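**Q** Structure, please.
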Amino acid sequence: MSKISLGVLVITDAAKEAYATETVVACLVRHATGDWGDTPKEDAQMNDEAVSGERILSSYTLDGGSLWIITEGRGQDRVTTCLRPADY
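**A** Numbers count the residues shown, from 1 in each chain. Just a heads-up that it's a prediction; the model follows:
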């Protein structure tokens, strides 16, 4: 069950080229259900407190590097971006 609403989904070209669609979708499911991946403990705690509309960042270590997923905004303005750290 989703813990957060993802809103509009966006993926950078670099992330799209680096990871299979299935891998990105699996990470999105983890992100939406509150599994923040390899996010440091203090950042994970902030994510838990921010599910109602603040910025949420998850980090997943994958073959070939890391994938970050960032959800920002509230309500209909919510956007979730999948990117590699170098894209930030």
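
**Q** Pull the number of nearby residues for the spatially closest residue to residue 23 that is not a sequence neighbour.
**A** Closest residue in space to residue 23, ignoring its immediate chain neighbours: residue 62 at 6.3 Å, by CB to CB, 6 or more residues apart in numbering. Quick note: C-beta positions are derived from backbone N, CA and C, even for glycine. Residue 62 has 16 neighbouring residues, counting by other CB atoms under 10 Å.

**Q** show me what contacts the most centrally placed residue in the chain?
**A** Nearest residue to the geometric centre of the chain (CA atoms, centre = their mean): residue 69, 2.1 Å. If you count contacts by CB atoms under 8 Å, 6 or more residues apart in numbering, residue 69 has them with 27-28, 31, 57-60, 80-83.

**Q** What's the first helix or strand after the helix or strand containing it?
**A** Using DSSP states H and E, residue 69 falls within strand 65-72. Going down the chain from strand 65-72, the next helix or strand is strand 79-83, by DSSP H and E.

**Q** Run through the neighbouring helices and strands of that following strand.
**A** strand 8-11, helix 13-18, helix 21-32, strand 65-72 (3 or more CB pairs under 8 Å, 6 or more residues apart in numbering; DSSP states H and E).

**Q** Which one, of the ones you listed, ends up nearest to residue 87?
**A** Judged by CB to CB, the one of the helices and strands packed on strand 79-83 that comes nearest to residue 87 is helix 13-18, at 5.3 Å.

**Q** In contact with residue 74, which residues?
**A** Applying CB under 8 Å, 6+ apart, the residues near residue 74 are residue 53.

**Q** And it, how far from residue 61?
**A** 29 Å (CB to CB, to the nearest Å).

**Q** Buried ones in the helix or strand bottoming out on mean pLDDT in the chain, by neighbour count?
**A** One helix or strand of the chain scores below all others by mean pLDDT, DSSP states H and E: helix 41-50, with a mean of 89. Neighbour-count burial for helix 41-50, counted by 16 or more other CB atoms under 10 Å, picks out 44, 46-47.

**Q** count of residues packed around residue 4?
**A** Look at residue 4: counted by other CB under 10 Å, it has 18 neighbours.

**Q** Is it inside a helix or a strand, and which specific one?
**A** Counting by DSSP H and E, residue 4 is part of no helix or strand.
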